[in-house]
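> sequence plus predicted model, see below.
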Amino acid sequence: MSEQYEKDGLSAPFKGITTNGEVVPGLFEIKPSGVSTEPVRNAAEAFIATLTPFQLARSVYPVDDIEWRKWMNQHFYARQGVCFAEMTDAQRQAAFGLMRASLSADGFELTRNIMRLNETLADLAEDHAFLGEWLYYIQIYGKPSATEPWGWKFEGHHAIINYFALGDQVVMTPLFMGSEPVKAPSGKYKGLEILQKEQNDGLEMLKALSEAQRKQAILNFSKTGNNNLTEAFKDNVVIDYAGLRTNDLSGPARQRFRDLIHLYISKMDEGHARVKMDDVDRHLDNSWFTWIGDTQSDGVFYYRVQSPVVLIEFDHQRPANLKKFATDPMKPTRQHIHCVVRTPNGNDYGKDLLRQHYLAHPHTT
């Protein structure tokens with residue numbers, strides 16, 4: 001199954017997510033960000049130093065390797081790299097050190113909690129072969145450098161982080177965050193709950209709109225399935241703008257929209273999140289808010305934020321591994337959430353920055 005997904009999903013060269021099949025040029029530029037990546041670089045080197053030769057051979061790839069694009073949320077996916085389940089305590093702590101250096105405190109805690117809830121899911125689904133807290137992998141791309149492009153990837157069920165660095169610039173997409181369940185009903189992590197702010201702030205954003213604006217934003221009040229469009233192997237998907245263009249939002253509604261975007265961007269470290277939000281702000285008047293589903297406080301829904309430089313999706317999904325507990329296994333539920341953050345127009349995985357770097361500094365394969 002993994003091979004078939006890869007064959008189909010990677011059949012075309014990378015272009016990036018677009019609104020009409022054509023990449024908007026000139027959106028991304030190689031330039032100093034003013035935010036050092038040295039802590040991330042040092043943490044990556046410290047992690048690499050803990051790996052055995054066998055682990056290194058399975059975990060280190062060229063920075064332009066197609067392995068970047070091989071990620072998937074599904075629990076069965078055959079992943080590469082070194083697995084947390086096989087790591088020593090020292091290796092685990094070094095891996096967490098890399099993640100802490102790269103992410104905000106909230107971003108790191110959310111990732112850890114997704115891992116913990118995957119243990120809850122393993123118990124509920126009675127499947128510890130494909131599910132569990134430690135079935136997550138790390139890969140390194142290129143060599144940690146102050147001047148050359150490099151990066152790392154963390155991946156597993158409901159959590160994928162792609163982290164690209166060039167100098168002091170960072171691109172941290174595609175980013176996938178989710179869980180089933182989102183609140184642990186039992187087990188060692190009973191009561192742990194995630195992604196409620198992403199859920200509730202999205203609904204409050206809709207409610208803050210005028211009636212006329214809500215009519216524009218809502219594409220459909222009926223939500224019968226999964227609506228995310230930019231998950232695994234959708235690097236080149238074409239998604240036209242839809243819903244409400246937010247250029248005429250003012251005052252609290254405009255601030256609420258910006259805060260919603262920042263909620264997702266702030267999974268990065270604070271400095272690079274600020275740089276990314278500057279990018280977002282430059283295109284705030286050409287941003288769109290799209291809604292599908294219920295508007296009640298206990299309803300299920302999908303929403304999307306889309307601009308030339310960021311695409312965010314939130315989706316209440318159908319039951320998957322917990323179908324046996326569902327009243328209606330075909331109906332989306334608040335206990336299964338998927339969130340995705342993308343950089344449209346060719347800069348997921350830092351691809352556009354890498355392209356520009358190679359134009360200025362030709363590399364041999």
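That came through fine.
> which SS class is residue 341?
What DSSP: H, G, I helix; E, B strand; the rest coil gives for residue 341 is strand.
> just list the residues touching it, thanks.
Counting by Cβ atoms under 8 Å, 6 or more residues apart in numbering, residue 341 touches 172, 173, 174, 175, 264, 265, 267, 310, 311, 312. Glycine gets a C-beta too; all of them are placed from N, C-alpha and C.
> not counting sequence-adjacent ones, nearest residue to it?
Nearest non-adjacent residue to residue 341, counting by Cβ to Cβ, 6 or more residues apart in numbering: residue 175, 4.1 Å away.
> the one you found contacts residue 160, correct?
Yes - counting by Cβ atoms under 8 Å, a contact exists between residue 175 and residue 160, whose distance comes to 6.9 Å.
> go through the protein and flag its longest helix.
helix 105-125 (DSSP state H).
> show me what that helix is packed against.
helix 89-102, strand 150-156, strand 159-166, strand 175-179 (3 or more Cβ pairs under 8 Å, 6 or more residues apart in numbering; DSSP states H and E).
> would CSV of those with distance to residue 26 and mean neighbour count be doable?
What follows is those, written out as CSV (distance: least, Cβ to Cβ, whole Å; neighbours: other Cβ atoms under 10 Å):
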stretch, distance to residue 26, mean neighbour count
helix 89-102, 27, 19
strand 150-156, 23, 25
strand 159-166, 17, 25
strand 175-179, 24, 25
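> about what we covered before: and the residue nearest to residue 341, how far is that from residue 309?
14 Å (Cβ to Cβ, to the nearest Å).
> what about residue 42, which SS state?
Assignment for residue 42 (three-state DSSP): helix.
> who are the contact partners of it?
residue 101.
> pull up the gap between it and residue 273, please.
Taking Cβ to Cβ, one finds residue 42 at 20 Å from residue 273.
> got it, and residue 158?
Taken as Cβ to Cβ, the span from residue 158 to residue 273 is 22 Å.
> residues in contact with the closest residue to residue 298 other than its chain neighbours?
Leaving aside its sequence neighbours, residue 298 sits nearest to residue 334 (Cβ to Cβ, 6+ apart; 7.5 Å). Residues in contact with residue 334, defined by Cβ under 8 Å, 6+ apart, are 182, 199, 298, 300, 316.
> and for residue 156?
Applying Cβ under 8 Å, 6+ apart, the residues near residue 156 are 79, 115, 118, 135, 136, 137.
> please name the bridge partners of it.
Here residue 156 sits in beta bridges with residue 136, residue 159, going by DSSP bridges.
> now residue 140
residue 60, residue 152.
> how many neighbours does it have?
23 (other Cβ atoms under 10 Å).
> report how many residues lie close to residue 287.
Residue 287: 23 neighbours (other Cβ under 10 Å).
> what about residue 158 and residue 273, which has more around it?
Using other Cβ under 10 Å as the criterion, residue 158 and residue 273 rank with residue 158 on top: 26 against 22.
> how about that one, what does it touch?
73, 114, 117, 118, 176, 177, 178, 179, 180, 338.
> where does the chain have low pLDDT?
364-365 (pLDDT under 70).
> can you show me the helices along it?
2-9, 38-50, 53-59, 89-102, 105-125, 196-207, 211-217, 251-265, 270-282, 351-360.
> which one of those helices lies nearest to residue 342?
helix 251-265 (10.4 Å; Cβ to Cβ).
> need the contact partners of that closest one.
Contacts of helix 251-265 (Cβ under 8 Å, 6+ apart): 175, 197-198, 201-202, 204-205, 208-209, 213, 246, 249, 273, 276-277, 280-281, 284, 287, 289, 305, 310, 312, 339, 341.
> list only those of these flagged as buried.
175, 198, 202, 205, 208-209, 213, 246, 249, 273, 276-277, 280, 284, 287, 289, 305, 310, 312, 339, 341 (16 or more other Cβ atoms under 10 Å).
> partners of the residue nearest to the spatial centre of the chain in the sheet?
Centroid-nearest residue in the chain, with Cα atoms, centre = their mean: residue 175, separated by 1.3 Å. On the basis of DSSP bridges, residue 175 is bridged to residue 161, residue 341.
> for the residue nearest to residue 298, what are phi and psi?
phi -70, psi -10 (degrees, to the nearest 10).
> how near is it to residue 110?
Taken as Cβ to Cβ, the span from residue 334 to residue 110 is 17 Å.
> residue 21 too?
Taken as Cβ to Cβ, the span from residue 21 to residue 110 is 34 Å.
> show me which of these two is the more surrounded one.
Per other Cβ under 10 Å, whichever of residue 21 and residue 110 has more neighbours is residue 110, with 21 against 8.
> what residues are up against the more buried one?
Residue 110 makes contacts with 177, 194, 195, 267, as judged by Cβ under 8 Å, 6+ apart.
> buried subset of those residues?
Here, 16+ other Cβ under 10 Å leaves 177, 194, 195, 267 buried among the contacts of residue 110.
> around the spatially closest residue to residue 188 that is not a sequence neighbour, how many other residues sit close by?
Distances taken as Cβ to Cβ, 6+ apart put residue 119 closest to residue 188, at 7.0 Å, once the chain neighbours are dropped. Per other Cβ under 10 Å, the neighbour tally for residue 119 reads 20.
> repeat that for residue 141.
25.
> let me see the contact set for residue 38.
So residue 38 contacts residue 146 (Cβ under 8 Å, 6+ apart).
> list the residues that contact residue 17.
230, 234, 235, 236, 237, 238, 239, 311, 342, 344, 345, 348.
> out of those residues, which one sits closest to residue 60?
residue 348 (21.1 Å).
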